[in-house]
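1. Sequence and predicted structure are below.
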Amino acid sequence: MIFWFAVVAGVIFAVIGIRKSFFPMWAMLFNILVSIYLSIMLSPLIVQIRPDLEQLRYYLAACVAVIAIMIFVILQVITTSFLADISESLCPKFFDNIGAGILGFLSGYVVFGFVFLVICIMPFSKLPFMKGFCGDGVSTPAGVKPVVKACDFIASASMQCYPNKAGVVVKWLTAPETKSEYSPAEAKEPASQ
């Protein structure tokens, strides 16, 4: 069910993308991916600074969301101010529409996955009536897999030396606060291979 909500969000963003053009949607997708990656990967550092956030999961969810929004706004302002001339470059109309639609769909799909991740961080997502949406609390919810894949893509594109670290952080974020297999201190340690 969550998958279909993500698809609907992707279709809505695809329509928005077709109304824009390829280059602004490419910049928007890049900014979305980087802001989501940084907000997730900075969350263990923030919990190290403020250890009480690990028990106050609503504040942790708000912190992850606010960091992503702030980074996205900063990156979007930079790209719109410095790369405004590129967006007006000529592309074939067919490529412009199809490419912008695909990039818009990916943007919407990943944004919905991130919003779902923020919901899964909150304690009310561990209640019995939410198990159908947010999983059983033991495994990572299926709806956040696009976020993990997007973070792994950004980590590999930026040549990070710790593969699959985003999956570990997301599992820690979505785990019940009483049973945390991942501690924020592990963020500094290299992953054992």
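-> Cool, got the structure.

2. contacts and neighbour counts: CA atoms only from here.
-> Noted.

3. Point out where the protein drops to low pLDDT.
-> Along the chain, the model assigns pLDDT under 70 to residues 1, 84-91, 125-142, 176-193.

4. what about 50?
-> Applying pLDDT under 50 to the chain flags residues 178-181, 187-193.

5. any idea which residue sits dead centre in it?
-> With distances taken as CA atoms, centre = their mean, the residue of the chain nearest its centroid is Ile36 (3.7 Å).

6. Mind checking what secondary structure it has?
-> Secondary structure state of Ile36, per DSSP: H, G, I helix; E, B strand; the rest coil, is helix.

7. Hmm, Val115 and it touching each other?
-> No: applying CA atoms under 8 Å as the test, Ile36 and Val115 come out as separate, 10.1 Å apart.

8. Residues that sit against both of those two, list them.
-> Between them, Ile36 and Val115 share no contacting residue under CA atoms under 8 Å, 6 or more residues apart in numbering.

9. follow-up on the earlier one: the residue nearest to the residue nearest to the centre of the chain when sequence neighbours are not counted: what's it in contact with?
-> Sequence neighbours aside, Ala68 is the residue nearest to Ile36 in space, at 5.5 Å (criterion: CA to CA, 6 or more residues apart in numbering). By CA under 8 Å, 6+ apart, the contact set of Ala68 is Ser35, Ile36, Leu38, Ser39.

10. let's see 10 Å
-> Ala68 makes contacts with 31-40, 42, 62, 114, as judged by CA atoms under 10 Å, 6 or more residues apart in numbering.

11. Can you tell me the element it falls in?
-> helix 57-82 (DSSP states H and E).

12. quick check, distance from that helix to the centre of its chain.
-> Remark: helix 57-82 is offset 11 Å from the chain centroid, using CA atoms, centre = their mean, to the nearest Å.

13. mind listing what's buried in it?
-> 57-58, 60-61, 63-65, 67-69, 71-72, 75-76 (16 or more other CA atoms under 10 Å).

14. Could you give the number of residues near Lys165?
-> Here the number of neighbours of Lys165 (other CA atoms under 10 Å) works out to 19.

15. So it sits against Cys151, correct?
-> Yes: contact criterion CA atoms under 10 Å: Lys165 and Cys151 qualify, at 8.9 Å.

16. what touches both of those two?
-> Met41.

17. hey, where'd the strands end up in the protein?
-> Under the criterion DSSP state E, the chain contains no strands.

18. That one: helices as residue ranges?
-> With helices called from DSSP state H, the chain shows them at 2-19, 22-49, 57-82, 84-87, 93-121, 131-134, 145-157, 165-174.

19. Return the distance of the longest one from the chain's centre.
-> In this view, helix 93-121 has its centroid 11 Å away from the chain centroid, taken as CA atoms, centre = their mean.

20. repeat for the first one
-> For helix 2-19, the distance from its own C-alpha centre to the chain's C-alpha centre is 16 Å (CA atoms, centre = their mean).

21. coming back round to it: I'd like the contacts of Ala68 written out as CSV, with distance to Phe95 added.
-> Formatted as CSV, the contacts of Ala68 follow (distance: CA to CA, whole Å):
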residue, distance to Phe95
Asn31, 21
Ile32, 22
Leu33, 22
Val34, 25
Ser35, 27
Ile36, 27
Tyr37, 28
Leu38, 31
Ser39, 32
Ile40, 33
Leu42, 36
Ala62, 38
Phe114, 28
